[in-house]
Structure formats: C-alpha cells, structure tokens
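[1] Just to be clear, the model below is a prediction. Sequence and coordinates:
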Amino acid sequence: MIKNAKKENIGPCTYDFRLNELFQHSKIELVDIQKNRIPNIKKLKLPYIIKPGEFVLASTIEELDTPIDLMSIYSMKSSAFRIGLNILCGLNDPKYKGSAIFGIQNISNNKIKLFKGMELLQIAFIDLKGDATPIQTQYMGGQVL
Amino acid sequence: MSVLAYSELLKRIFNIDENQFRKPYQILSRYNPTKNRIEILKQLALHDKITIGQLLKKTNHNKGGGSYLTIKKYFENLAKEGLLIKYQKKKKILWSFSEEYLDVKRFILQ
C-alpha cells in the first residue's frame, strides 16, 4: 500500500510522509490551462531555503499504491503551520500509484529550511462503502505537472 | 466508511498483525526490556547465531564482568520462555531467536 514506508511514521490513524524532492515553477506571463499554457518546472536542490511568500511543489519518499477499496486524504501536519508553512494538498482516489505531490508555501515572515526527510504531510486512508472505479489521471505515477 | 487505524495500517503496509506479537511482547516485558537490552536483541536479530561477547562488542558495551553476566541471565530467561535458543559449540555458547519466534526477529529489525 505504501512503498518505502517507515514503521515509526505510522501514527494513531495516519501515516507521515517524508519530503523527497522540490520543484519550482518557471516564470511565464500568464498561466492559462484552457490554452495549455502552464509553467515548466525546475528541480531544486535540498536542503532549500524557502523565502517568505514563495511557493514550491514537493514529492514524497513514499510511494502509494492505493487498493481499490480505499481512498486517502492528505492533510498538513500541525508542525508545518506552526513554523509558518502552508501545505496545499488534496486526496487520492482508489488505485492511485506514485509518490504524493503537494505544494508548500511559506506564509511566515521568516526564511525556512526545507530538507530531505522533513515530515510536513500526513495521510489517512478511508475504507469505502460500495464498489469504486479505479482512478484515471494524467498525474498517475507521481507526475508533478 | 471508516478510517484505518494503527493496527490496520501496520497490517496493510507491513503485513504485520499486532496480535501475533502479543505473546512475545508479554515475555519481553516480563524481563525489564531496557534500551540496552533491546539494542542487543536487535543486534542478535541481525545474526544467525552469535555469542554474547560478540553482541556486546558490536553494541559498544563492556565485554566482560557485570555486563556479560547480566545479558547472560537475561538471555537464559528468554530461552526458558522459548524466545531464544542456546547452542554449545566447543567452549563457545551461541544464541539465536527460536524458529517459533522468527517473526519477532523481523519485527525488531523494522
């Protein structure tokens, strides 16, 4: 269900993900998804100092292989907002495979160091009632953009 | 609809059923499982058969005297409960986890 998992990261009813890679959007004049005008991404070196207001995308060391009878919900760990980071994340449908992709924004007035293995995101798995259909998405396999 | 809790996550992610460890945990907790003792058991789990002296050396503890006797007594107690097995090889005494508790070995190492 989770590849590269660590037993210590299992919580009472959640699992804590570890930060693996960071990506930054390139600057373009206008982002327009209707015209497929989306920024390119550049991989950043870790550790990375995130400046106030800056936004980056992130992937996790862990890789999900969600079974058909479960869905999962990401949530930020409280330790993230306590230091001034906002974590932007969503949910995973059944049968999603790949690392978790999430956004990190520095909402504080301080620079914050992001490092490999940092625990900012947690996941809860929800048992589904009824039969689900597997997810079909372009982001399968941990595609960042 | 329900959220998976710790034991179910352990089972689904690591294929570990908490109940299968209830008995060995009871045994371990009966004999004062200090940090040093667990560290030595972890080292034992890494080897097939090993002497207490070698285990103490690998965990950077004093090889002789009190440390040796304490661990020897601890291992003797765990052997009495069936968790460990003692082998005599000439003058050496080697220790390993018993076949019955090989899952504990896997759990300790994770």
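    That came in fine, so what should we check first? Numbering: from 1, shown residues only, chains lettered A, B, ... in the order given.
[2] Could you use CA atoms for every contact and neighbour count after this?
    Noted.
[3] Grab the nearest non-local neighbour of residue 11.
    Looking at chain A here, since you left the chain open. residue B:6 (6.3 Å; CA to CA, 6 or more residues apart in numbering or on different chains).
[4] let's do chain B instead
    Nearest-residue entry for residue B:11: residue B:17, 5.3 Å, with adjacent residues in sequence omitted and distances by CA to CA, 6+ apart.
[5] Tell me who's in contact with the one you found.
    Contact analysis of residue B:17 by CA atoms under 8 Å, 6 or more residues apart in numbering or on different chains lists B:7, B:10-11.
[6] Next, the buried residues of the helix ranked longest in chain B.
    Ranked by residue count under DSSP state H, the longest helix found in chain B is helix B:65-80. By 16 or more other CA atoms under 10 Å in any protein chain shown, the buried positions in helix B:65-80 come out as B:68, B:71-72, B:74-79.
[7] just stretch A:49-66 next, same as before
    Neighbour counts over stretch A:49-66 (16+ other CA under 10 Å) mark A:50-52, A:55-66 as buried.
[8] Next, see if it gets close to chain B.
    No: for stretch A:49-66, no contact with chain B is found by CA under 8 Å from any CA of the partner chain; the gap never falls below 10.1 Å.
[9] tell me the mean pLDDT for that stretch?
    Regarding stretch A:49-66, the rounded mean pLDDT is 96.
[10] Can you give the contact residues for the helix or strand harbouring residue A:16?
    Using DSSP states H and E, the element containing residue A:16 is strand A:15-17. Here strand A:15-17 makes contact (CA under 8 Å, 6+ apart) with A:9-10, A:60-62, A:119-124.
[11] Emit the PyMOL select command for whichever of these are buried.
    Applied in PyMOL, the following selects the buried portion of the contacts of strand A:15-17 according to 16+ other CA under 10 Å:
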select buried, chain A and resi 10+60+61+62+119+120+121+122+123+124
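[12] could I get the contacts of strand A:15-17 as TSV with secondary structure?
    Converted to TSV, the contacts of strand A:15-17 look like this (DSSP: H, G, I helix; E, B strand; the rest coil):
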residue	secondary structure
A:9	helix
A:10	strand
A:60	strand
A:61	strand
A:62	strand
A:119	coil
A:120	coil
A:121	strand
A:122	strand
A:123	strand
A:124	strand
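[13] closest to residue A:21 among the contacts of strand A:15-17?
    Distance to residue A:21, by CA to CA, is smallest for residue A:60 among these, at 6.9 Å.
[14] which residues of chain B fall in strands?
    With DSSP state E, the ranges of strands along chain B come out as B:2-3, B:84-89, B:92-97.
[15] who does the first one pair up with?
    What that stands for is strand B:2-3. Here strand B:2-3 has these sheet partners by DSSP bridges: strand A:121-127 (antiparallel).
[16] quick one: contacts of the partner strand?
    Identification of contacts with strand A:121-127 by CA under 8 Å, 6+ apart yields A:13-18, A:69-77, A:87, B:1-4.
[17] Which ChimeraX command selects the buried ones in those residues?
    Applying 16+ other CA under 10 Å to the contacts of strand A:121-127 leaves a buried subset, and the ChimeraX line that selects it is:
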select /A:13,14,15,16,17,18,69,70,71,72,74,75,76,77,87 /B:3,4
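[18] Enumerate every residue touching residue B:3.
    Counting by CA under 8 Å, 6+ apart, residue B:3 makes contact with A:13, A:124-127.
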